[in-house]
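Engineer: sharing a model that was predicted from the sequence below.
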Amino acid sequence: MEWKTVIGLEVHVELSTETKIFCSCSTRFGAAPNTQCCPVCTGMPGTLPVLNAKVLEYAVKAGVALNCEITRYNKFDRKNYFYPDLPKAYQISQLYLPFAKNGKVDIGGKTIRIHEIHMEEDAGKLIHSEDSNKTLIDYNRCGVPLLEIVSEPDFENSDEVIRYLEQLKSTFEYLGISDVKMQEGSLRADVNLSVMPIESSMLGVRTEMKNINSFKAIERAIAYETQRQISVLESGGRVIQETRRWDDGAGVSLSMRSKENAHDYRYFPEPDIPPVFISEEMLNNVISAQPELAHEKKKHYQTEFNLTEYESSLLTINRNFAILFESTVYICREPKETANWMLGSLMRYMSENGLDYGDIKLSPQLFARFIAVIKSGKINRNVGKDVFMQMLESGDDFNIDNYIAENGLAVINDENAVKAAVKRVFEANPKTIEQYLSGKTKVTGFLVGQVMREFKGKADAETVNKVVLSELSELRN
C-alpha cells in the first residue's frame with residue numbers, strides 16, 4: 001500500500017520585547033535562574049496582568065505580513081493545565097477570538113494556509129539534572145510573549161515544512177519582532193502528523209511532537225514518525241492520538257501522554273484582561289510601516305541591480321546581510337562587485353570562523369572604500385583577497401589606503417619592470433619556451449603565473465599578459 005503523509009504545524013515565536021507580555025520583568029535570555037520573575041508572572045494571588053502594548057503592535061505586524069485577516073475585537077482566555085513549569089496552573093492565551101486568522105504563506109509553487117495566530121505567554125523551563133535524579137525549574141521564561149502560528153494540515157513532506165519555517169523565520173527577522181534563534185528557543189515547532197492510504201480521503205489519527213527546535217531535528221522527526229505510523233498500520237495495529245517527545249540524540253519519538261483536546265483545558269474567558277480593540281488607525285500605521293521583506297527584496301535586486309535569482313536569494317537570506325549589501329551599494333554604486341565579495345570572500349570567512357550573520361563587524365563605509373579601491377585598479381584581486389581578510393579582522397579602525405602603502409601592495413604596471421621580469425622567467429624556463437614554440441600555447445598561463453610570482457602577485461595581470469604574449473611573439477619571429 002502507498003501512503004500519504006499529512007502534516008500541520010503549530011509554531012511558537014518569542015517576541016523580542018524588552019519586557020514580558022503582562023508584567024515589566026525583563027525578557028533577556030541567559031540570566032541566572034529565577035532572577036527575572038515577579039508576583040504577576042509567577043501567578044501570586046491578588047496580582048493583575050496588564051497587556052504590553054508593544055506585544056500587540058508586534059503581533060499585528062506579523063498578522064499583516066502573513067496575509068491574515070486582523071480581528072479588530074479580540075480577547076484573551078485561560079487555558080487550564082497542571083504542570084511544574086506553569087506556576088499559576090493556567091496559561092493566558094487566545095482561543096475563541098484570536099487576533100489574526102485565515103492567512104497564507106507562499107513557499108514557492110505551493111500556498112500554505114494559516115488557520116490562526118494568537119498571542120499567549122510562555123511557560124517556564126524544566127532543567128533535568130544530569131548528576132542526580134532531580135528536575136529543576138527556571139521561571140524566568142514565564143510570561144515571555146509568544147505568537148502561536150497554527151497552520152492548516154497542508155504539508156506533505158519535511159521539505160515543505162522546512163521551506164515554510166525558513167519563510168517564517170525570515171519574515172519575523174525582517175520585521176524586527178523576534179531574533180528567531182532556534183538554539184535559544186525563540187522559534188519552536190510542534191509537528192502534528194498522520195498518514196493515510198494515498199487513495200483515501202479520510203485523514204488518519206495524528207500525533208503531536210512538541211517543541212522541536214532545529215530544522216535538522218524536524219526533518220529527522222518527520223521521517224521517523226511517518227515510518228513509525230506506517231509500520232504500526234501495516235502490522236495491523238492502530239495509531240493512538242497522543243503527544244510524543246522527539247529525542248534527537250536517540251533519533252526516536254517517545255510517548256509522553258494522550259493528546260488533549262480543547263475541552264480538556266477547560267478554556268474560559270480571562271477575567272482580568274479586558275477585550276482588545278485594534279483600531280483602524282493602528283492597523284493603517286502598521287501597514288504603512290511594514291518593511292520590504294526578503295521575497296520582495298529578492299525581486300528588487302534582480303530588476304534594479306541585475307543580479308541573478310541565486311545571488312539575490314543568498315543576499316536576502318538574512319536582514320543584516322541585506323542591509324550591509326544595500327548600504328554599501330548606496331555609497332559605492334557597484335552592486336555586482338559588492339555582491340561578488342559578499343558571496344565569495346565574506347561568506348567563506350564566516351564559514352571558516354563559525355560566524356553568524358549578526359556577527360559581521362563591517363561598516364558599509366569601509367566596505368564601499370574597499371570596493372572603490374578594487375574598481376580603480378589600485379590593487380589587483382589576488383592582493384585584494386588578503387586586504388579584505390585583514391579588513392574583516394581589524395574592524396572599522398582599518399585604513400585601507402595606509403595598509404596598501406605601508407605594505408607596498410599597490411599594483412605594478414610599469415611595462416619596463418614587467419618586461420625585465422618576463423625575460424628572467426623565459427631564461428629560467430627554456431623547456432617551457434621550446435614547448436610554446438612547438439605549438440603548445442597552453443603553457444602561456446604557466447609563464448604568466450611565474451611572472452606574477454616575481455612580483456608577489458602585485459603586478460597588473462593585464463599588463464603581464466600583454467607583455468608575455470608580446471615577448472613570445474618576438475621569439476617566434
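Structural biologist: The structure has been received and is ready for your questions. This is a predicted model, so every value here is computed, not measured. Numbers count the residues shown, from 1 in each chain.
Engineer: break this protein down into its domains, please.
Structural biologist: For the chain, the structural domains run 3-282, 292-406, 415-476, going by automatic domain parsing.
Engineer: okay if I get those as CSV plus mean pLDDT and mean neighbour count?
Structural biologist: Quick note: C-beta positions are derived from backbone N, CA and C, even for glycine. Compiled in CSV, these are given as follows (pLDDT from 0 to 100; neighbours: other C-beta atoms under 10 Å):
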stretch, mean pLDDT, mean neighbour count
domain 3-282, 93, 17
domain 292-406, 93, 16
domain 415-476, 83, 15
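Engineer: just the element for the closest residue to residue 138 other than its chain neighbours, please.
Structural biologist: Excluding its sequence neighbours, the residue lying closest to residue 138 (C-beta to C-beta, 6 or more residues apart in numbering) is residue 33, at 4.1 Å. Residue 33 is part of no helix or strand, with elements assigned from DSSP states H and E.
Engineer: residue 33 reaches residue 140, doesn't it?
Structural biologist: Yes. A contact is recorded between residue 33 and residue 140 when judged using C-beta atoms under 8 Å, the distance being 6.5 Å.
Engineer: skip the chain neighbours and tell me the closest residue to residue 377.
Structural biologist: Counting by C-beta to C-beta, 6+ apart, residue 377 lies nearest to residue 411, which is 6.0 Å off, once chain neighbours are set aside.
Engineer: next: residue 461.
Structural biologist: Counting by C-beta to C-beta, 6+ apart, residue 380 is the residue found nearest to residue 461 once chain neighbours are left out, at 5.9 Å.
Engineer: give the contact list for the one you found.
Structural biologist: The neighbourhood of residue 380, defined by C-beta atoms under 8 Å, 6 or more residues apart in numbering, consists of 411, 457, 458, 459, 460, 461.
Engineer: dump those into a markdown table; add distance to residue 291 and secondary structure as well.
Structural biologist: Below are the contacts of residue 380 laid out as a markdown table (distance: C-beta to C-beta, whole Å; DSSP: H, G, I helix; E, B strand; the rest coil):
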| residue | distance to residue 291 | secondary structure |
| --- | --- | --- |
| 411 | 41 | coil |
| 457 | 42 | coil |
| 458 | 44 | coil |
| 459 | 46 | strand |
| 460 | 43 | coil |
| 461 | 42 | helix |
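Engineer: using a markdown table, please lay out these together with distance to residue 439.
Structural biologist: Written out in a markdown table, the entries for the contacts of residue 380 read as follows (distance: C-beta to C-beta, whole Å):
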| residue | distance to residue 439 |
| --- | --- |
| 411 | 33 |
| 457 | 30 |
| 458 | 32 |
| 459 | 27 |
| 460 | 28 |
| 461 | 25 |
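Engineer: surely residue 224 and residue 254 touch.
Structural biologist: No. Counting by C-beta under 8 Å, residue 224 sits too far from residue 254 to count as a contact (10.8 Å).
Engineer: tell me where the stretch 201-350 of the chain has helices.
Structural biologist: In order along the chain, the stretch 201-350 of the chain carries the following helices (DSSP state H, counting those that start in this stretch): 215-234, 280-288, 294-304, 309-315, 319-332, 335-341, 347-352.
Engineer: do you know which of those lies nearest residue 209?
Structural biologist: Evaluated over the helices of the stretch 201-350 of the chain, closeness to residue 209 peaks at helix 215-234, with 5.4 Å, by C-beta to C-beta.
Engineer: may I have that closest one as PDB, with CA atoms only?
Structural biologist: Once side chains and other backbone atoms are set aside, the C-alpha atoms of helix 215-234 remain, and they are given as PDB (Å, rounded to 0.1, in the frame of the first residue of the first chain):
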ATOM      1  CA  PHE A 215      15.500  22.200  11.200                       C
ATOM      2  CA  LYS A 216      17.600  19.100  11.100                       C
ATOM      3  CA  ALA A 217      15.700  17.700  14.100                       C
ATOM      4  CA  ILE A 218      12.300  18.500  12.500                       C
ATOM      5  CA  GLU A 219      13.400  16.700   9.300                       C
ATOM      6  CA  ARG A 220      14.500  13.600  11.200                       C
ATOM      7  CA  ALA A 221      11.400  13.600  13.400                       C
ATOM      8  CA  ILE A 222       9.000  13.700  10.400                       C
ATOM      9  CA  ALA A 223      10.900  10.900   8.700                       C
ATOM     10  CA  TYR A 224      10.900   8.700  11.800                       C
ATOM     11  CA  GLU A 225       7.300   9.400  12.900                       C
ATOM     12  CA  THR A 226       6.000   8.800   9.300                       C
ATOM     13  CA  GLN A 227       7.700   5.400   9.100                       C
ATOM     14  CA  ARG A 228       6.600   4.500  12.700                       C
ATOM     15  CA  GLN A 229       2.900   5.100  11.900                       C
ATOM     16  CA  ILE A 230       3.100   3.200   8.600                       C
ATOM     17  CA  SER A 231       4.700   0.300  10.400                       C
ATOM     18  CA  VAL A 232       2.000   0.300  13.100                       C
ATOM     19  CA  LEU A 233      -0.800   0.300  10.500                       C
ATOM     20  CA  GLU A 234       0.800  -2.200   8.200                       C
END
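Engineer: if anything else comes up later, I'll come back, but that's it for now.
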